[in-house]
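A.B. asks: quick one: sequence plus predicted model below, questions after.
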Amino acid sequence: MTDLRALPFSDMLAHLREHGEPADPRGDIDTASLHRRFAHLSAVETRELTFAGARRSQPARLYRDPSATATGRAFVWVHGGAFIGGHLDMPESHWVALELAARGIPVLTLDYTKCLGDVHYPVPSDDVLAGWRFALDNAEEFFGAAPDAVALGGASAGGNLVAGVAARLRDGAGPAPAGLVLVYPVLHPNSSSPGEPLDPEAPMGRISANFAGPGGLDHPYAFPGLGSASALPPTLVVVCELDDLRPSGEAFATLVREAGGSLDLYLEPGAGHGHINEPADPTARTTIEEIARWLGAAQAEGAAIGHPGEIVR
(Lines give C-alpha, C1' and ligand atoms only; values in the text may rest on other atoms or scores of the structure.)
Protein backbone atom coordinates (compact mmCIF):
# COMPACT_ATOMS: atom_id res chain seq x y z
CA MET A 1 0.00 0.00 0.00
CA THR A 2 1.32 3.44 -0.94
CA ASP A 3 2.12 5.69 2.02
CA LEU A 4 0.53 8.92 0.82
CA ARG A 5 2.16 10.93 3.58
CA ALA A 6 5.58 10.07 2.17
CA LEU A 7 4.75 11.47 -1.28
CA PRO A 8 5.33 15.06 -2.42
CA PHE A 9 2.04 16.96 -2.18
CA SER A 10 1.51 17.13 -5.95
CA ASP A 11 2.13 13.39 -6.25
CA MET A 12 -0.29 12.70 -3.42
CA LEU A 13 -3.01 14.68 -5.22
CA ALA A 14 -2.32 12.79 -8.44
CA HIS A 15 -2.49 9.45 -6.61
CA LEU A 16 -5.81 10.36 -4.98
CA ARG A 17 -7.25 11.49 -8.33
CA GLU A 18 -6.23 8.24 -10.00
CA HIS A 19 -6.80 5.69 -7.26
CA GLY A 20 -9.18 7.31 -4.79
CA GLU A 21 -8.78 7.35 -1.04
CA PRO A 22 -7.13 4.24 0.43
CA ALA A 23 -9.09 2.02 2.77
CA ASP A 24 -8.76 2.79 6.47
CA PRO A 25 -6.54 0.08 7.99
CA ARG A 26 -8.43 0.08 11.30
CA GLY A 27 -10.61 -2.98 11.65
CA ASP A 28 -12.83 -1.72 14.45
CA ILE A 29 -14.51 1.40 13.08
CA ASP A 30 -17.25 -0.17 10.97
CA THR A 31 -20.86 0.06 12.15
CA ALA A 32 -20.98 -3.43 13.63
CA SER A 33 -17.81 -2.81 15.62
CA LEU A 34 -19.12 0.52 16.88
CA HIS A 35 -22.36 -1.14 17.98
CA ARG A 36 -20.43 -3.78 19.90
CA ARG A 37 -18.27 -1.16 21.60
CA PHE A 38 -21.06 1.36 22.26
CA ALA A 39 -24.34 -0.44 22.86
CA HIS A 40 -26.30 2.82 23.06
CA LEU A 41 -25.76 3.30 19.31
CA SER A 42 -27.56 0.15 18.21
CA ALA A 43 -31.02 1.75 17.82
CA VAL A 44 -29.83 4.49 15.44
CA GLU A 45 -31.28 4.12 11.95
CA THR A 46 -29.54 5.44 8.84
CA ARG A 47 -30.74 6.38 5.37
CA GLU A 48 -28.53 6.94 2.33
CA LEU A 49 -29.36 10.09 0.35
CA THR A 50 -27.91 12.28 -2.39
CA PHE A 51 -28.23 15.98 -3.11
CA ALA A 52 -27.38 18.13 -6.10
CA GLY A 53 -23.94 19.60 -5.46
CA ALA A 54 -22.03 22.28 -7.32
CA ARG A 55 -20.89 19.96 -10.12
CA ARG A 56 -22.44 16.56 -9.41
CA SER A 57 -24.60 14.67 -6.93
CA GLN A 58 -23.05 14.33 -3.50
CA PRO A 59 -23.68 11.66 -0.85
CA ALA A 60 -25.50 12.44 2.37
CA ARG A 61 -26.62 10.19 5.22
CA LEU A 62 -29.47 10.67 7.67
CA TYR A 63 -29.24 9.40 11.26
CA ARG A 64 -32.25 9.06 13.57
CA ASP A 65 -32.91 7.08 16.73
CA PRO A 66 -36.65 6.43 17.12
CA SER A 67 -36.12 5.29 20.72
CA ALA A 68 -34.33 8.47 21.85
CA THR A 69 -36.10 11.35 23.53
CA ALA A 70 -36.42 14.06 20.91
CA THR A 71 -34.61 17.29 21.72
CA GLY A 72 -36.37 19.37 19.07
CA ARG A 73 -32.98 20.13 17.56
CA ALA A 74 -31.31 18.70 14.45
CA PHE A 75 -27.82 18.94 13.04
CA VAL A 76 -26.07 19.05 9.67
CA TRP A 77 -22.48 17.78 10.04
CA VAL A 78 -19.47 18.00 7.70
CA HIS A 79 -16.25 15.99 8.06
CA GLY A 80 -12.70 17.14 7.51
CA GLY A 81 -9.78 15.72 5.55
CA ALA A 82 -7.51 18.63 4.55
CA PHE A 83 -9.94 19.42 1.68
CA ILE A 84 -8.48 16.43 -0.22
CA GLY A 85 -9.89 13.42 1.61
CA GLY A 86 -12.51 12.17 4.02
CA HIS A 87 -15.86 10.49 3.51
CA LEU A 88 -19.13 9.63 5.24
CA ASP A 89 -17.81 6.36 6.69
CA MET A 90 -14.88 7.86 8.59
CA PRO A 91 -15.51 8.02 12.37
CA GLU A 92 -15.33 11.82 12.34
CA SER A 93 -18.49 11.71 10.23
CA HIS A 94 -20.19 8.36 10.93
CA TRP A 95 -19.43 7.73 14.59
CA VAL A 96 -20.06 11.35 15.61
CA ALA A 97 -23.45 11.28 13.87
CA LEU A 98 -24.38 7.97 15.52
CA GLU A 99 -23.53 9.38 18.94
CA LEU A 100 -25.54 12.55 18.46
CA ALA A 101 -28.54 10.72 17.00
CA ALA A 102 -28.54 8.38 20.01
CA ARG A 103 -28.99 11.49 22.16
CA GLY A 104 -32.11 12.61 20.30
CA ILE A 105 -30.42 14.91 17.76
CA PRO A 106 -31.15 13.74 14.18
CA VAL A 107 -28.12 14.32 11.98
CA LEU A 108 -27.58 14.72 8.25
CA THR A 109 -23.95 14.21 7.22
CA LEU A 110 -22.72 15.74 3.97
CA ASP A 111 -19.90 14.94 1.61
CA TYR A 112 -18.36 17.43 -0.83
CA THR A 113 -16.02 17.64 -3.82
CA LYS A 114 -12.37 17.29 -2.84
CA CYS A 115 -9.69 19.71 -4.01
CA LEU A 116 -7.49 17.28 -5.91
CA GLY A 117 -5.54 19.77 -7.98
CA ASP A 118 -8.24 20.65 -10.50
CA VAL A 119 -10.86 21.79 -7.97
CA HIS A 120 -10.58 24.75 -5.61
CA TYR A 121 -12.79 27.09 -3.61
CA PRO A 122 -15.72 27.75 -4.01
CA VAL A 123 -16.67 24.26 -5.23
CA PRO A 124 -16.59 22.49 -1.82
CA SER A 125 -18.28 25.47 -0.20
CA ASP A 126 -20.98 25.45 -2.85
CA ASP A 127 -21.53 21.74 -2.16
CA VAL A 128 -22.01 22.36 1.55
CA LEU A 129 -24.31 25.30 0.86
CA ALA A 130 -26.39 23.09 -1.44
CA GLY A 131 -26.47 20.37 1.23
CA TRP A 132 -27.62 22.89 3.84
CA ARG A 133 -30.46 24.02 1.60
CA PHE A 134 -31.34 20.37 0.94
CA ALA A 135 -31.53 19.75 4.69
CA LEU A 136 -33.78 22.75 5.34
CA ASP A 137 -36.06 21.96 2.39
CA ASN A 138 -36.67 18.53 3.92
CA ALA A 139 -36.33 19.34 7.61
CA GLU A 140 -39.75 18.07 8.68
CA GLU A 141 -39.32 14.78 6.81
CA PHE A 142 -35.68 14.19 7.70
CA PHE A 143 -35.57 15.44 11.27
CA GLY A 144 -39.13 15.89 12.47
CA ALA A 145 -38.02 19.41 13.30
CA ALA A 146 -38.66 22.90 11.97
CA PRO A 147 -36.00 24.43 9.69
CA ASP A 148 -35.19 27.06 12.30
CA ALA A 149 -34.21 24.31 14.76
CA VAL A 150 -31.39 22.96 12.57
CA ALA A 151 -27.77 23.69 13.52
CA LEU A 152 -24.70 23.38 11.29
CA GLY A 153 -21.27 22.06 12.19
CA GLY A 154 -18.02 20.64 10.91
CA ALA A 155 -14.56 19.45 11.90
CA SER A 156 -11.17 20.68 10.64
CA ALA A 157 -11.61 21.40 6.90
CA GLY A 158 -15.32 20.78 7.42
CA GLY A 159 -15.25 23.45 10.13
CA ASN A 160 -13.79 25.85 7.59
CA LEU A 161 -16.52 25.03 5.08
CA VAL A 162 -19.44 25.41 7.47
CA ALA A 163 -18.06 28.66 8.90
CA GLY A 164 -17.73 30.02 5.37
CA VAL A 165 -21.25 28.87 4.52
CA ALA A 166 -22.58 30.50 7.71
CA ALA A 167 -21.02 33.79 6.57
CA ARG A 168 -22.53 33.37 3.11
CA LEU A 169 -25.94 32.68 4.65
CA ARG A 170 -25.63 35.76 6.84
CA ASP A 171 -24.87 37.78 3.71
CA GLY A 172 -28.00 36.66 1.90
CA ALA A 173 -27.46 33.10 0.62
CA GLY A 174 -30.28 31.64 2.69
CA PRO A 175 -31.63 30.98 6.19
CA ALA A 176 -29.03 30.94 8.94
CA PRO A 177 -28.48 27.89 11.13
CA ALA A 178 -29.82 27.77 14.68
CA GLY A 179 -26.26 27.30 15.87
CA LEU A 180 -22.75 26.78 14.53
CA VAL A 181 -20.33 24.11 15.83
CA LEU A 182 -16.66 24.28 14.79
CA VAL A 183 -14.40 21.45 15.96
CA TYR A 184 -10.63 22.08 15.62
CA PRO A 185 -11.45 24.31 12.64
CA VAL A 186 -9.01 25.53 9.99
CA LEU A 187 -10.15 29.14 9.55
CA HIS A 188 -6.98 30.96 8.45
CA PRO A 189 -4.49 30.32 5.64
CA ASN A 190 -1.84 29.90 8.33
CA SER A 191 -3.94 28.26 11.03
CA SER A 192 -1.00 27.53 13.33
CA SER A 193 -0.10 31.25 13.41
CA PRO A 194 -3.07 33.37 12.27
CA GLY A 195 -1.95 36.66 10.80
CA GLU A 196 1.59 35.45 10.12
CA PRO A 197 2.90 34.97 6.56
CA LEU A 198 2.13 31.61 5.05
CA ASP A 199 5.06 29.38 4.10
CA PRO A 200 4.02 27.95 0.70
CA GLU A 201 6.38 24.98 1.16
CA ALA A 202 5.05 23.99 4.59
CA PRO A 203 2.27 21.37 4.80
CA MET A 204 -0.31 23.97 5.89
CA GLY A 205 0.79 26.27 3.09
CA ARG A 206 0.32 23.59 0.45
CA ILE A 207 -3.07 22.56 1.84
CA SER A 208 -4.37 26.13 2.04
CA ALA A 209 -3.11 27.14 -1.40
CA ASN A 210 -4.52 23.98 -2.96
CA PHE A 211 -7.92 24.64 -1.38
CA ALA A 212 -8.05 28.36 -2.15
CA GLY A 213 -6.73 28.21 -5.69
CA PRO A 214 -5.25 31.20 -7.53
CA GLY A 215 -6.00 34.43 -5.71
CA GLY A 216 -8.16 32.79 -3.06
CA LEU A 217 -5.93 32.95 0.00
CA ASP A 218 -7.38 36.32 1.01
CA HIS A 219 -11.03 35.43 0.40
CA PRO A 220 -13.09 35.87 3.59
CA TYR A 221 -15.49 33.06 2.69
CA ALA A 222 -12.63 30.68 1.89
CA PHE A 223 -10.93 31.51 5.20
CA PRO A 224 -13.61 32.91 7.55
CA GLY A 225 -11.02 34.03 10.08
CA LEU A 226 -10.13 36.82 7.63
CA GLY A 227 -13.67 38.14 7.34
CA SER A 228 -16.36 39.70 9.47
CA ALA A 229 -17.68 37.66 12.39
CA SER A 230 -20.68 39.91 12.96
CA ALA A 231 -24.22 38.53 13.05
CA LEU A 232 -23.19 34.88 13.05
CA PRO A 233 -25.45 32.40 14.86
CA PRO A 234 -24.58 31.25 18.40
CA THR A 235 -21.29 29.41 18.01
CA LEU A 236 -19.40 26.65 19.80
CA VAL A 237 -15.69 26.42 18.97
CA VAL A 238 -13.87 23.28 20.14
CA VAL A 239 -10.09 23.45 20.37
CA CYS A 240 -7.61 20.80 21.51
CA GLU A 241 -4.76 21.33 23.94
CA LEU A 242 -2.21 19.49 21.78
CA ASP A 243 -3.35 20.74 18.37
CA ASP A 244 -0.86 22.86 16.42
CA LEU A 245 -3.85 24.47 14.66
CA ARG A 246 -5.54 25.47 17.94
CA PRO A 247 -4.64 29.17 17.44
CA SER A 248 -7.03 29.38 14.47
CA GLY A 249 -10.07 28.38 16.51
CA GLU A 250 -9.06 30.64 19.39
CA ALA A 251 -8.49 33.63 17.09
CA PHE A 252 -11.89 33.10 15.48
CA ALA A 253 -13.53 32.87 18.90
CA THR A 254 -12.00 36.23 19.79
CA LEU A 255 -13.25 37.67 16.50
CA VAL A 256 -16.82 36.53 17.21
CA ARG A 257 -16.73 37.90 20.75
CA GLU A 258 -15.37 41.26 19.61
CA ALA A 259 -18.21 41.43 17.08
CA GLY A 260 -20.72 40.97 19.90
CA GLY A 261 -21.66 37.40 19.03
CA SER A 262 -22.69 34.53 21.28
CA LEU A 263 -19.62 32.31 21.59
CA ASP A 264 -18.56 29.34 23.72
CA LEU A 265 -14.95 28.20 23.46
CA TYR A 266 -14.41 24.62 24.66
CA LEU A 267 -10.93 23.32 25.40
CA GLU A 268 -10.37 19.55 25.33
CA PRO A 269 -7.30 18.81 27.48
CA GLY A 270 -4.94 16.10 26.34
CA ALA A 271 -6.43 15.96 22.85
CA GLY A 272 -4.83 16.52 19.47
CA HIS A 273 -6.10 17.45 16.03
CA GLY A 274 -8.47 14.83 14.63
CA HIS A 275 -9.25 13.21 17.98
CA ILE A 276 -12.96 12.68 17.21
CA ASN A 277 -11.89 10.49 14.31
CA GLU A 278 -10.68 7.93 16.86
CA PRO A 279 -13.46 6.18 18.83
CA ALA A 280 -10.88 4.62 21.18
CA ASP A 281 -9.75 8.05 22.39
CA PRO A 282 -11.57 9.00 25.64
CA THR A 283 -11.17 12.69 24.83
CA ALA A 284 -13.22 12.16 21.66
CA ARG A 285 -16.17 10.93 23.66
CA THR A 286 -16.09 13.88 26.07
CA THR A 287 -15.95 16.29 23.12
CA ILE A 288 -18.99 14.64 21.55
CA GLU A 289 -20.79 14.85 24.88
CA GLU A 290 -20.07 18.58 25.01
CA ILE A 291 -21.36 19.09 21.47
CA ALA A 292 -24.53 17.21 22.38
CA ARG A 293 -24.93 19.21 25.59
CA TRP A 294 -24.43 22.48 23.74
CA LEU A 295 -27.02 21.47 21.15
CA GLY A 296 -29.48 20.71 23.92
CA ALA A 297 -29.35 16.95 24.41
CA ALA A 298 -29.36 15.01 27.65
CA GLN A 299 -26.41 12.71 28.32
CA ALA A 300 -26.84 9.26 26.83
CA GLU A 301 -26.63 6.61 29.54
CA GLY A 302 -23.18 5.05 29.60
CA ALA A 303 -22.02 7.20 26.70
CA ALA A 304 -19.43 9.52 28.18
CA ILE A 305 -16.28 8.49 30.02
CA GLY A 306 -13.11 10.19 31.07
CA HIS A 307 -12.46 13.69 32.40
CA PRO A 308 -14.43 16.40 30.57
CA GLY A 309 -12.88 19.52 29.16
CA GLU A 310 -14.09 22.96 29.98
CA ILE A 311 -15.79 25.96 28.50
CA VAL A 312 -13.29 28.80 28.46
CA ARG A 313 -15.29 31.99 28.55
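C.D. replies: Yes, it's here. Numbers count the residues shown, from 1 in each chain.

A.B. asks: contacts, neighbours, all on C-alpha from now
C.D. replies: OK.

A.B. asks: do you know how far Ala23 is from Ile29?
C.D. replies: Using C-alpha to C-alpha, to the nearest Å, one obtains 12 Å as the distance from Ala23 to Ile29.

A.B. asks: ignore what I typed, I meant His275.
C.D. replies: His275 is 14 Å from Ile29, by C-alpha to C-alpha.

A.B. asks: again with Phe134
C.D. replies: 28 Å.

A.B. asks: the more surrounded of these two?
C.D. replies: The residue with more neighbours, out of Phe134 and Ile29, is Ile29; 21 against 17, by other C-alpha atoms under 10 Å.

A.B. asks: mind listing what Pro124 touches?
C.D. replies: Residues near Pro124 by C-alpha atoms under 8 Å, 6 or more residues apart in numbering: 54, 112-115, 161.

A.B. asks: where do the helices of the protein begin and end?
C.D. replies: 9-19, 31-37, 94-102, 123-137, 139-143, 157-168, 203-212, 246-258, 282-295 (DSSP state H).

A.B. asks: out of those, nearest to Pro59?
C.D. replies: Counting by C-alpha to C-alpha, Pro59 lies closest to helix 123-137 out of those; the figure is 9.4 Å.

A.B. asks: report the angle between that closest one and helix 203-212.
C.D. replies: If you take axes from the mean of the first three to the mean of the last three C-alpha atoms, to 10 degrees, helix 123-137 sits at 60 degrees to helix 203-212.

A.B. asks: may I see the buried residues of helix 123-137?
C.D. replies: 123-136 (16 or more other C-alpha atoms under 10 Å).

A.B. asks: OK, contacts around Ala222?
C.D. replies: Contacts of Ala222 by C-alpha under 8 Å, 6+ apart are 121-122, 125, 160-161, 164, 212, 216.

A.B. asks: then Asp137?
C.D. replies: Asp137 neighbours (C-alpha under 8 Å, 6+ apart): Pro147.

A.B. asks: repeat that for Glu45.
C.D. replies: 63-66.

A.B. asks: so Ala82 makes contact with Ala157?
C.D. replies: Yes - assessed by C-alpha atoms under 8 Å, Ala82 is found in contact with Ala157 at 5.5 Å.
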